[in-house]
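>>> Got a sequence here, can you build the structure:
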Amino acid sequence: MTAAIFARTLASAAMTEVFADRSIVAAMLAFEAALAEAQAAEGVIPASAVAPIAAASRAGIGDIDSLVDEARRAGSLAIPLVKRLTAAVAERDAAAAAFVHHGSTSQDVIDSAMAIATRKALGLIDADLVRLLVTLVALARAHLDTPMLARTLMQPAQVISFGFKIVAWVAPLARARERLVRAGAAALRLQFGGAVGTLAALGDKGSAVAHRLATRLDLTPADGSWHVQRDDWAALACEVAVLCGSLGKIGHDLALLAQAEVGEVAEPSGAGRGGSSAMPQKKNPVAAMTAIAAAIRAPHHAAAVLAAMAPAHERGLGEWQAEIAEWPSLFLETHGALVALGDACDQLEVDTARMRDNIERQRGTVFAEAAAALLVPSLGKAAAHALLATLSSRAAREGAQLHALLHADPAARAVDAPALDAAFDVDAAARRAGALARAQLDRIAPSPS
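Numbering: from 1, shown residues only. You can find the predicted model right below:
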């Protein structure tokens, strides 16, 4: 399942290997070998058939590109694979060849192989998700009281702390990890139902063989065939897409904060990283770019998996084929975004002086709401709001400080001067945001005692 060249630039090498053609074929062959072992253990096939089938499975089935060509005509990758495996077994033991793929069906081997690959994929995602979480939690704690601008509707709003902003990245990732654990446990099950899901060819040995097979493949035994029951599988796809969306949020924030006009953070630089083919001065946020691109693509892959949930009767026509074609892309892009952000955030350059300077450039207007609240008892809410709106416009127009304009306005004389000064305290505002962030961080990742 080789991704197109441009899609591979958004993926990690490790995840590309998980869903590589040879990896999927190897997992399919592992299913066939384990199936023979499980059936022999239950007396369904002769014990003498196991070694030839296992040996042929380990040896592989030849050129994969030609196997794909054959699969286009056959309608399933499993059909030519089983045909080649049977021929290879026959060369070793003609009698054993009769028991290759016994009682199974194409969807059994492919779904189980995809479950095996997905188990590895989730392991990679979890490891790099933990890495990113640890990095971000440490960064948040280091900047709990670092003042920075909050922006709403892309415009300066009030003062928060950088730690407060990072917590808005951390919390969704922590929740995503918990949901992925649950979704993975539900979805990573053995697929084994035979022609129509009843394991009819195995008689009363079907359940016992299934449990032995699941154990050998390190998959959870299923209550029964899930050939056309795709709910848990689709739910896992959705959770991966949700994680990818949260990574896209981080990417967007990093990209905006890294703009030269803002300049509050920067991704690490180095040879060959974030350059331009035309402009030597450029330092592009490539990790942010990777996360944003992944978040754009992920919803469409998840939507395709959801659209494939309505196969007809006991085996659909086209739905399952569409689903498994889309499946790897979700994991390739999500892990690619995780690795890129993990690398960038581990060495993120944070310019705290620029953060404060960007606050000061607002000339105190980011404290207009706090100041208006002090005037409400003497002026009323509407009048206080109108006065601060007028003075904020003057501050921006004249290059004056809102604090000074307010002190000079007769309407503010009823307000205690120290209280008015406190309303414009940058560090106090950051500490309040930091306290909220600290409490949430402690619930997510308690501080070391």
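>>> count of neighbours near the residue nearest to Q107 when sequence neighbours are not counted?
By the measure of C-beta to C-beta, 6 or more residues apart in numbering, the closest residue to Q107 outside its immediate chain neighbours is H227, 5.4 Å from it. Quick note: C-beta positions are derived from backbone N, CA and C, even for glycine. Close neighbours of H227, defined as other C-beta atoms under 10 Å, add up to 22.
>>> In three-state terms, how would H227 be classified?
coil (DSSP: H, G, I helix; E, B strand; the rest coil).
>>> Show me which positions of the element among helices and strands of the chain having the smallest mean pLDDT end up buried.
Here the helix or strand of the chain ranked lowest by mean pLDDT, DSSP states H and E is helix 5-8, holding a mean of 90. Residues of helix 5-8 classed as buried: A7 (neighbour count, 16 or more other C-beta atoms under 10 Å).
>>> Beyond the longest helix seen in the chain, next helix or strand please.
If you go by DSSP state H, the chain has its longest helix at helix 106-142. Next helix or strand after helix 106-142 toward the C-terminus (DSSP states H and E): strand 147-152.
>>> by how many degrees do the next helix or strand after that following strand and strand 147-152 diverge?
Sequence order places strand 155-161 as the next helix or strand after strand 147-152, per DSSP H and E. Angle between the axes of strand 155-161 and strand 147-152 is 140 degrees (criterion: axes from the mean of the first three to the mean of the last three C-alpha atoms, to 10 degrees).
>>> Please enumerate residues in contact with strand 155-161?
Residues outside strand 155-161 that contact it (C-beta atoms under 8 Å, 6 or more residues apart in numbering) are 143-151, 358-359, 362, 365-367, 369, 426, 429-431, 433-434, 437.
>>> Now restrict those to buried residues only.
143-149, 151, 358-359, 362, 365-367, 426, 429-430, 433-434, 437.
>>> where in the stretch 201-350 of the chain is pLDDT low?
270-282 (pLDDT under 70).
>>> In it, what residue spans correspond to helices?
Secondary structure of the stretch 201-350 of the chain by DSSP state H, counting those that start in this stretch: the helices cover 206-217, 231-258, 286-307, 319-346.
>>> Please identify the buried residues of the second one?
Neighbour counts using 16+ other C-beta under 10 Å place 232-251, 253-258 of helix 231-258 among the buried residues.
>>> before we move on, back to that, tabulate the helices of the stretch 201-350 of the chain in a markdown table, adding columns for distance to L139.
Shown next, in a markdown table, are those (distance: least, C-beta to C-beta, whole Å):
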| stretch | distance to L139 |
| --- | --- |
| helix 206-217 | 40 |
| helix 231-258 | 12 |
| helix 286-307 | 14 |
| helix 319-346 | 7 |
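>>> Sketch out the low-pLDDT regions of the stretch 1-150 of the chain for me.
Residues of the stretch 1-150 of the chain meeting the criterion pLDDT under 70: 1-3.
>>> Residues contacting stretch 345-356, please?
131-132, 135-136, 139, 143, 146-149, 162, 254, 262-268, 287, 426.
>>> Buried residues in it, which are they?
By neighbour count on 16+ other C-beta under 10 Å, the buried set for stretch 345-356 is C345, L348, V350, R354, M355, R356.
>>> Relative to the whole chain's centre, how far out is it?
Distance of stretch 345-356 from the chain centroid (C-alpha atoms, centre = their mean, to the nearest Å) equals 25 Å.
>>> Then stretch 385-399?
Here stretch 385-399 shows a centroid-to-chain-centroid distance of 44 Å under the convention C-alpha atoms, centre = their mean.
>>> Looking at that stretch now, give me its mean pLDDT.
Across stretch 385-399, pLDDT averages out at 95.
>>> Identify the residues contacting it?
363-365, 368-369, 371-372, 375, 379, 400-402, 405-406, 409, 411.
>>> do the same with stretch 187-202
Under the contact criterion C-beta under 8 Å, 6+ apart, stretch 187-202 has outside partners 39, 44, 102-105, 107-108, 110-112, 115, 118-119, 122, 206-207, 209-210, 213-214, 217, 219-222, 224-228, 232-233, 235-236, 314-315.
>>> Next SSE downstream of the helix or strand S393 falls within?
Assigned by DSSP H and E, S393 belongs to helix 381-398. Note on helix 381-398: by DSSP H and E, the next helix or strand toward the C-terminus is helix 402-408.
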